[in-house]
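S.K.: Sequence and predicted model, in that order:
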Amino acid sequence: MDSITHALFGSACAIAVTHRTARNSGDIRRRVVVAAASALFPDIDYLGFWIDPLIFLADWHRSFTHSLLLIPLWAGVVTLFFMVFQSYRTDYRALYLISCLAIASHILLDLTTVYGTAILYPLLDVRFSFSISFVIDWILTSTLIVSLLIYYYSHARMVIIFSLLLIGGYWYAQYLLKSHALEVAERELSAVGTVFAVPQPFSPFNWKIIQQDGVNYQLAYFNLLAETEEGALFDPFSLRQYYKPVEALIWKSHYLYGDNVLQQNLIKEAWEHPEFKYFRSFASLPVHYRLDQSNGETCVWFTDIRYALPFLPPSFRYGLCRSQEDDDWKLFRLALLGEEKIKSGRR
């Protein structure tokens, strides 16, 4: 989930549980500051991106700083930081508990997205995900902003509590919509395979269905409320051209080794190369993205189809390249927005 939503949600949770125990407005203000900082803290693991982007994705992100088991440790780190300031020292016990709560709120938000979070690290390095919310959820963020603004002017704790209950109901509705999306997939698909439903921007009714059959995939985007090709209900960001009615699904095929038989041995060689082990670890639903051959250089690119959107390039595109003069494959990534080829590895 995005940083703004994390900070807002952590602050709302802190207000809901500590408003009555605060002695004055200064206490509330300090507790909200600590909650917001603590709710942002787990994403400090992003520093790992500047060391090695691919190892960051495969091993570091949403692991040790996102573990429920390590919350007491990280809350202690945040609380100790604020002890530098005299005004925070008299309330350190409450601030520590608030920090624990806010870090837990961060983990909860991340669990609703598709990426996966290692909540039991280091005992169990398995990533859990409810996969019901897109990483940017304007409904959730707007609800938090409105409730916190009302609280700021009214100091009515019940406004915050009501907004959190509303968010809980919203998550349950998203779960039901995901279940419905999977029912649509079962009705439309006849082949045997594992089916995934992935939330899409920027409507809870936009979904992507992925059917996995070994190393082959079928993918379709749709809106659960769309009735015609021309429009979908509840589509404030005008994505209707990409998310079709259920009755007009457009299925596209994707393959780990591509659909060109003549290129499959080359693609498989790149995929199985030791240099690519971290991407293999990261990608749950890997597919061949494209093959570039120019100026005596060959590049084989892959992505994770979980993060494919119909209107943007995939977020994570990694590949191996080699030249005619050099038989060794070298690891590269494509820029997030653009086609710039960036050497990957420790900097």
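M.R.: Looks like it arrived, so ask away.

S.K.: ok, which stretches of the stretch 201-347 of the chain are helices?
M.R.: Applying DSSP state H, counting those that start in this stretch to the stretch 201-347 of the chain gives helices spanning 264-271, 277-282.

S.K.: any idea of the mean pLDDT in the first one?
M.R.: Okay, so that is helix 264-271. Across helix 264-271, pLDDT averages out at 93.

S.K.: just to revisit the earlier point, residue 326: which of the helices of the stretch 201-347 of the chain is closest?
M.R.: Closest approach to residue 326 among those (C-beta to C-beta): helix 264-271, 14.4 Å. Placement of C-beta: from N, CA and C, glycine included.

S.K.: And that closest one, what's buried?
M.R.: Neighbour-count burial for helix 264-271 flags 266-268, 270-271 (criterion: 16 or more other C-beta atoms under 10 Å).

S.K.: which ones are touching residue 30?
M.R.: The contact partners of residue 30, taken as C-beta atoms under 8 Å, 6 or more residues apart in numbering, are 87-88, 91, 95.

S.K.: returning to what we had before: which of the buried residues of helix 264-271 lies closest to residue 199?
M.R.: The closest of those, once distances to residue 199 are taken by C-beta to C-beta, is residue 271, at 27.7 Å.

S.K.: give me the low-pLDDT residue ranges for this protein?
M.R.: When residues are selected by pLDDT under 70, those of the chain lie in 19-26, 190-192, 227-238, 345-347.

S.K.: Show me it divided up by domain.
M.R.: Following automatic domain parsing, one gets these domains for the chain: 3-172, 189-255, 261-343.

S.K.: Could you check what's spatially nearest to residue 132, not counting adjacent residues?
M.R.: residue 174 (4.0 Å; C-beta to C-beta, 6 or more residues apart in numbering).

S.K.: ok, now residue 263?
M.R.: Closest residue to residue 263 apart from its sequence neighbours, by C-beta to C-beta, 6+ apart: residue 291 at 5.9 Å.

S.K.: wouldn't the residue nearest to residue 132 be in contact with residue 206 here?
M.R.: No: judged on C-beta atoms under 8 Å, residue 174 makes no contact with residue 206 at a distance of 11.4 Å.

S.K.: what touches both of these two?
M.R.: By C-beta under 8 Å, 6+ apart, residue 174 and residue 206 have these common neighbours: residue 199.

S.K.: the more surrounded of the two?
M.R.: Taking other C-beta atoms under 10 Å, residue 174 and residue 206 do not tie; residue 206 has more neighbours (28 against 22).

S.K.: That one and residue 185: what is the separation?
M.R.: Plainly put, residue 206 is 15 Å away from residue 185 if you go by C-beta to C-beta, to the nearest Å.

S.K.: The helices of the stretch 201-347 of the chain into CSV, with extra columns for distance to residue 118?
M.R.: Compiled in CSV, the helices of the stretch 201-347 of the chain are given as follows (distance: least, C-beta to C-beta, whole Å):
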stretch, distance to residue 118
helix 264-271, 25
helix 277-282, 13
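
S.K.: of the buried residues of helix 264-271, closest to residue 104?
M.R.: residue 271 (38.0 Å).

S.K.: Please give me every residue in contact with that closest one.
M.R.: By C-beta under 8 Å, 6+ apart, residue 271 lies in contact with 256-257, 280, 286, 288, 300, 302.

S.K.: Out of the contacts of residue 30, who's the most crowded?
M.R.: These, ranked by neighbours (other C-beta under 10 Å): first place residue 95, 26 neighbours.

S.K.: mind listing what that residue touches?
M.R.: Residue 95 neighbours (C-beta under 8 Å, 6+ apart): 30-31, 34, 79, 82, 88.

S.K.: That one belongs to a helix?
M.R.: Yes: under DSSP: H, G, I helix; E, B strand; the rest coil, residue 95 sits within a helix.

S.K.: Okay, and residue 114 sits in which element?
M.R.: In the assignment (DSSP states H and E), residue 114 maps to no helix and no strand.

S.K.: could you check the distance from it over to residue 315?
M.R.: Distance of residue 114 to residue 315, given as C-beta to C-beta: 11 Å.

S.K.: can you check residue 30 too?
M.R.: Noted for residue 30: a distance of 37 Å to residue 315, by C-beta to C-beta.

S.K.: cool, and residue 31?
M.R.: 35 Å.

S.K.: check contacts around residue 283.
M.R.: 302-304, 316 are the contacts of residue 283 under C-beta under 8 Å, 6+ apart.

S.K.: Repeat the analysis, applying 6 Å as the threshold.
M.R.: Shown in contact with residue 283 (C-beta atoms under 6 Å, 6 or more residues apart in numbering): residue 304.

S.K.: In the protein, which helix is the longest?
M.R.: helix 157-188 (DSSP state H).

S.K.: Following element in sequence after that one, please.
M.R.: Following helix 157-188 in sequence, per DSSP H and E, is strand 194-199.
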